[in-house]
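Colleague: Predicted model and sequence follow; I will ask about them next.
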Amino acid sequence: MRSTRRAETFPANTPAASQIFTTVLSQGPLTRLEVARRTGLSPAAVTKAVRPLIEAGYLVEDVDADARPALGRPANLVRVDGGRALFLGVKVTGDEIIGVLTDLCCRIRVARHVPLPARDPAAVLRFTAELVGELLAEADRFGVRVQGLGIAVSGDVDRGAGVVRYSPFLEWRDVPLAELAAMTTGLHVTVDNDVRALTVAEQWFGAGAGLSDFAVVTVGAGIGCGLVVHGRVVHGAHGVAGEIGHVTVDPAGPPCHCGNRGCVEAVAGDAAIVRQIREATGIEITDTAQAVALAHDGVAAARAVYARAGEAIGRGIATVANLLGPERVIISGEGLAAHDLFAEQIRDAFAAAAFGSAAECDVQTRPLPFEEWARGAAATAIQSFITADR
């Protein structure tokens, strides 16, 4: 399936214009004066940048009667017209592909799940193309172009090159996914690590909006971390950053698939928890749901495994707080289904290991459905479109 849809060029052709639009997108509606204050730009620069965005239909003005000054006309609020453009986001897991169609404000309009019977790149591309075709058909009824596709994959992903360097869950190495997906779908494709993609969505459209420094920690099959420092998502020099899942918390602990021992992920990842409970109880459980059920039934050994997992996660989060001093840490991921089993241990371990004022970091839990990971992928496509990352 190859699309003949031609993406347009976003009219914000300067860094200042992109910054202004991003500020309104994530924090608006705002008056021009408020945009100037938040971006550090002059009111004249804001007015100059806003004009072509309004003419192209990406921004619209509304009268803010509540902001009426003592004399003169009421102030005008500038906001993004979310319906001006559409984007696709795809999250690839070990056993399914989740796809969403979003608007420019990253609001999900359509969501789809399809099973993934094989994990090799050819199979993933085939099923992704089919899913994209379905979502493009859904997009037709909105009468607006799809401007880009974001794909989120776990592991070491080089977003600049569009290459999945290593994905342990998919067993991929050096797959040029962006190029292959663009050839298959005909869309501009952005590929990123799934946790970083989720972090972009939280930065622009979620609990990180307006914050300069924060982190997203995900618990589940793996333990991931996305970092925002001085308003920018950290990618690292080689596409790897924020890997707190591979911070050692117990040098004598269980072996990790990375080759080390006692990593946070080796103690608190879903597979590690299932294995430890199986060994501690002698009960042949096979998945996380069974592990959670045992712990909720009061099996002491199972509860002890979850308590240890919480301690490891809390120490990992404290490491992030000590190194970077974020204003907020957002805990999310499918592992939050067991949050009540280790929330106290996360909090206590964090408080014990955080140094000085790092302990003042606002640690929040934010349960998110799996569609949010695909929404994160769409957020990276929106980001690429706005910042001309083409």
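Modeller: On my side now, so go ahead.

Colleague: any weak-confidence spans in the protein?
Modeller: 1-7, 63-74, 238-239, 388-390 (pLDDT under 70).

Colleague: roughly how far out does the helix or strand where residue 216 lies sit from the chain middle?
Modeller: Using DSSP states H and E, residue 216 falls within strand 214-219. Remark: strand 214-219 is offset 9 Å from the chain centroid, using CA atoms, centre = their mean, to the nearest Å.

Colleague: Report the angle between the next helix-or-strand element following it and strand 214-219.
Modeller: Using DSSP H and E, the next helix or strand after strand 214-219 towards the C-terminus is strand 223-229. For strand 223-229 against strand 214-219, the angle by axes from the mean of the first three to the mean of the last three CA atoms, to 10 degrees is 170 degrees.

Colleague: Pull up the pairing partners for the strand holding residue 216, direction included.
Modeller: Sheet partners assigned to strand 214-219 using DSSP bridges are listed as strand 223-229 (antiparallel), strand 328-332 (parallel).

Colleague: Export those as a markdown table, with columns for mean neighbour count.
Modeller: C-betas here are computed from N, CA, C, even on glycine. A markdown table is the format used below for the strands paired with strand 214-219 (neighbours: other CB atoms under 10 Å):
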| stretch | mean neighbour count |
| --- | --- |
| strand 223-229 | 25 |
| strand 328-332 | 22 |
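
Colleague: Run through who's touching the strand holding residue 216.
Modeller: The contact list for strand 214-219 (CB atoms under 8 Å, 6 or more residues apart in numbering) reads 195, 198-199, 202-203, 207-208, 223-228, 242, 244, 268, 313, 316-317, 320, 324, 326-336.

Colleague: try stretch 125-144
Modeller: Contacts for stretch 125-144 (CB under 8 Å, 6+ apart): 1, 3, 5, 83-86, 88, 90, 92, 97, 99-101, 109-110, 112, 114, 116, 146, 149, 151, 180-181, 184-185, 187.

Colleague: Among those residues, name the buried ones.
Modeller: For the contacts of stretch 125-144, a burial check counting by 16 or more other CB atoms under 10 Å picks out 3, 84-86, 88, 90, 92, 97, 99-101, 109-110, 112, 116, 146, 149, 151, 180-181, 184-185, 187.

Colleague: Just those residues: which are in helices?
Modeller: Among these, the members falling in helices are 180, 181, 184, 185 (criterion: DSSP state H).

Colleague: for those residues, which one is nearest residue 364?
Modeller: Among these, residue 181 lies closest to residue 364 (CB to CB), at 33.4 Å.

Colleague: And for the spatially closest residue to the closest one that is not a sequence neighbour, the neighbour number?
Modeller: Spatially, and ignoring its direct neighbours in sequence, residue 181 is nearest to residue 189 (4.5 Å; CB to CB, 6 or more residues apart in numbering). A count of neighbours around residue 189, defined by other CB atoms under 10 Å, yields 26.

Colleague: for residue 189, what are its contacts?
Modeller: Contacts of residue 189 by CB under 8 Å, 6+ apart are 148, 149, 150, 151, 162, 177, 178, 179, 181, 182, 381.

Colleague: got it, and residue 17?
Modeller: 11, 49, 52, 53.

Colleague: Same check on residue 38?
Modeller: 23, 27, 30.

Colleague: Let's see which of these end up in helices.
Modeller: 23, 27.

Colleague: which among the contacts of residue 189 gets closest to residue 236?
Modeller: residue 162 (16.0 Å).

Colleague: any idea how far residue 21 is from the closest residue in space to the closest one that isn't next to it in sequence?
Modeller: Closest residue to residue 162 apart from its sequence neighbours, by CB to CB, 6+ apart: residue 178 at 2.5 Å. Counting by CB to CB, to the nearest Å, the gap from residue 178 to residue 21 is 24 Å.

Colleague: Give me the residue at the spatial middle of this protein.
Modeller: Centroid-nearest residue in the chain: residue 198, 0.5 Å away (criterion: CA atoms, centre = their mean).
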